[in-house]
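>>> Quick check, what structure comes out for this input:
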Amino acid sequence: MADLALLERLCCARGISGCEEEIREIILEEIRPYADCVEVTPLGNLLAFKKGANRAKTKLMLNAHMDEVGMTVTYIEDNGLLRFATVGGIDRRVLCGKPVTVGKGIPGVIGAKPIHLLTSEEREKSVPVKDLYIDIGALSRQEAEEAVSPGDPVTFDSLFDTAHGMIKSRALDDRAGCAILIDLLKKPLAYDMLFAFVVQEETGLNGSKTAAYIADPDAAIVVESTTAADVAGVPEDKQVCHVGSGPVLSFMDRRTIYDRAYYQMAFDAAKETGVSCQAKQAVAGGNDAGAIHVSRGGVRTVAVSLPCRYLHSAVSLISQKDFHEAETLIERLAEKIAGGE
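Next up is the predicted model:
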């Protein structure tokens with residue numbers, strides 16, 4: 001099963017969309033001794049091919065994205081404060097007061113107008129990103145420019161904690177998927193398979209689009225995290241999926257109608273391996289499948305996701321049980337697809 005120490009290393013590395021180099025180097029270090037062929041594409045995807053005991057009857061690509069949501073510096077004020085834009089779909093409600101790291105390791109905090117200066121109406125609303133700033137402690141533009149520049153990436157600072165059978169960290173979307181694929185690649189395979197660790201999922205599925213074009217697979221398994229809304233105040237029929245109830249299988253989202261036969265095959269694989277799984281009970285969101293399934297002449301695609309609370313925030317939460325059971329399910333499903341079932 002995937003190593004939690006490796007997952008911690010991946011989650012603590014910094015890599016917003018377009019700045020995935022640190023993540024890619026960790027993955028390369030892990031997989032080079034096991035892959036038969038490794039390629040870094042012009043956009044920055046990492047494609048790794050591994051031979052199995054048998055030639056695949058169906059050419060299969062397993063996909064996870066390396067990037068995380070974050071921010072980027074856009075402007076430096078005369079007083080040294082930094083204006084920024086979000087990179088990916090961050091909920092602005094979670095931003096104010098969060099500690100961050102800017103550029104090459106510069107600590108900062110996201111700030112806003114002091115609460116005692118807000119009107120009663122302003123206190124009831126989340127602060128727009130245009131009214132937020134990052135404070136690195138610089139007292140002038142010149143001082144700030146010695147440390148940071150427009151275009152520098154900004155990532156949340158957060159913990160990595162495994163208490164109570166859970167995993168709490170930033171960037172679990174999709175470093176957990178990367179960790180699963182790394183562990184699968186290290187194992188003996190029944191069939192040849194291609195592993196794609198892709199860039200820029202959070203900003204438009206750019207990496208998966210180009211990876212699928214290069215790889216030209218017949219089928220794909222997308223390994224992801226998806227929103228679990230099983231929290232206080234959310235009606236049962238709106239909770240989408242539940243942490244601790246096993247990996248999530250999607251029949252449709254806003255970008256993809258998933259292959260119906262593979263969707264059912266995933267449930268069969270879960271039954272065969274004795275792991276729990278659940279259907280995603282909403283047509284919402286999207287992932288790399290949106291680009292992969294329409295590549296070239298079309299790719300039969302299935303998604304296996306980890307139920308994740310507080311997605312796209314400074315700290316997300318998944319279950320260790322779901323994490324390990326997802327790998328078991330994906331391993332069996334990949335074998336069935338590559339074997340031509």
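
>>> for Asp173, phi and psi?
phi -90, psi 100 (degrees, to the nearest 10).

>>> Quick check, it in contact with Arg309.
No - between Asp173 and Arg309 there is no contact under CB atoms under 8 Å: 11.2 Å. Heads up, the C-betas are built off the backbone N, CA and C, glycines and all.

>>> Mind checking which of those two has more residues around it?
Counting neighbours by other CB atoms under 10 Å for Asp173 and for Arg309 shows that Asp173 has the greater number, 27 against 21.

>>> ok, now which ones touch that one?
With contacts taken as CB atoms under 8 Å, 6 or more residues apart in numbering, Asp173 has the following neighbours: 68-69, 224-225, 308, 311-312, 316.

>>> if we can go back for a sec, which residues do Asp173 and Arg309 both contact?
Ser316.

>>> Which of the helices and strands in this structure ranks last by mean pLDDT?
Ranking every helix and strand in the chain by mean pLDDT, DSSP states H and E puts helix 120-123 at the bottom, with a mean of 73.

>>> helix or strand right after that helix?
Per DSSP states H and E, the first helix or strand lying C-terminal to helix 120-123 is strand 133-135.

>>> Just the buried residues of that following strand, please?
Neighbour-count burial for strand 133-135, counted by 16 or more other CB atoms under 10 Å, picks out 133-135.

>>> pLDDT on the helix or strand that that strand is followed by, on average?
Following strand 133-135 in sequence order, the next helix or strand is helix 141-145 (DSSP H and E). Computed over helix 141-145, the mean pLDDT rounds to 97.

>>> Show me what helix 141-145 is packed up against.
strand 70-76 (3 or more CB pairs under 8 Å, 6 or more residues apart in numbering; DSSP states H and E).

>>> Partner strands of the strand it packs on and their direction?
Under the criterion DSSP bridges, strand 70-76 sits next to strand 82-87 (antiparallel), strand 153-156 (antiparallel) in its sheet.

>>> What lies in contact with the last one?
Among residues not part of strand 153-156, those counted as contacts by CB under 8 Å, 6+ apart are 14-16, 18-19, 68, 70-73, 84, 87, 98-103, 108, 134, 170, 313-315.

>>> Give me the subset of the residues you listed that lies in strands.
70-73, 84, 87, 99-102, 108, 134 (DSSP state E).

>>> Give me the distance between the helix or strand containing Leu184 and the centre of its chain.
Using DSSP H and E, Leu184 maps to helix 172-186. Offset of helix 172-186 from its chain centre (CA atoms, centre = their mean, to the nearest Å): 10 Å.

>>> What's the first helix or strand after it?
That would be, after helix 172-186 and using DSSP H and E, strand 193-198.

>>> and that next one, which strands flank it?
strand 46-50 (antiparallel), strand 60-65 (parallel).

>>> any idea how the protein splits into domains?
Per automatic domain parsing, the structural domains of the chain span 4-68+170-338, 70-156.

>>> residues contacting Ile16?
67-72, 87-88, 153-155, 202.

>>> Throw those residues into a markdown table and include pLDDT and distance to Val248, thanks.
Output for the contacts of Ile16, formatted as a markdown table (pLDDT from 0 to 100; distance: CB to CB, whole Å):
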| residue | pLDDT | distance to Val248 |
| --- | --- | --- |
| Asp67 | 98 | 21 |
| Glu68 | 97 | 20 |
| Val69 | 97 | 20 |
| Gly70 | 97 | 24 |
| Met71 | 97 | 28 |
| Thr72 | 98 | 30 |
| Val87 | 97 | 25 |
| Gly88 | 95 | 20 |
| Pro153 | 98 | 29 |
| Val154 | 98 | 30 |
| Thr155 | 97 | 26 |
| Glu202 | 96 | 19 |
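
>>> Just give me the closest of the contacts of Asp173 to Val94.
His312 (8.3 Å; CB to CB).

>>> That's all I had, so thanks and see you.
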